[in-house]
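for reference, the sequence and a predicted model appear below.
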Amino acid sequence: MTIDLQTRLALDPAARFRRVGDEGVVVQQSSAEVLVVNDTAARLIELSNGARTIGDCAGLIEADFGVEHDVIERDLLRFAQELVTAGVAKIA
């Protein structure tokens with residue numbers, strides 16, 4: 001499966017997410033796996049509601065963090081792939 005800037009993500013229904021300081025904690029209840037993610041990945045999870053594309057999220061995160069757009073896009077595509085591979089996010 002290819003994830004690109006037009007991909008829409010949503011948190012898997014069996015996953016739970018909480019922000020803890022500058023990080024996020026995701027618990028995948030079906031596998032009892034726990035992931036700790038950095039601030040950027042946590043923000044991606046917060047914004048991934050199944051309606052926004054990764055590109056939409058990149059624009060919002062760029063405004064939040066003040067990082068170059070191409071860097072944010074590259075990081076978000078990598079984070080999105082990791083979240084889907086871990087089973088905590090689904091392609092909507």
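Yep, that arrived. Numbering: from 1, shown residues only.

could you use CA atoms for every contact and neighbour count after this?
OK.

all strands for the protein, in order.
For the chain, applying DSSP state E gives strands covering 8-11, 15-20, 23-28, 33-37, 49-53, 89-91.

quick one: closest of those to Met1.
Closest to Met1 of these, according to C-alpha to C-alpha: strand 89-91, at 9.5 Å.

return the residues in contact with the nearest residue to Ala89 once chain neighbours are set aside.
Counting by C-alpha to C-alpha, 6 or more residues apart in numbering, the nearest residue to Ala89 once its immediate chain neighbours are dropped is Leu11, at 4.3 Å. Applying C-alpha atoms under 8 Å, 6 or more residues apart in numbering to Leu11 gives the contacts 45, 48-49, 88-90.

which residues sit against stretch 45-59?
4-11, 44, 69, 72-73, 76-77, 91-92.

before we move on, what about stretch 66-77?
Applying C-alpha under 8 Å, 6+ apart, the contact partners of stretch 66-77 are 3-5, 40-41, 44, 54-55, 58-59, 61-62.

can you pull the buried residues of that stretch?
Residues of stretch 66-77 classed as buried by neighbour count (16 or more other C-alpha atoms under 10 Å): 72-73, 76-77.
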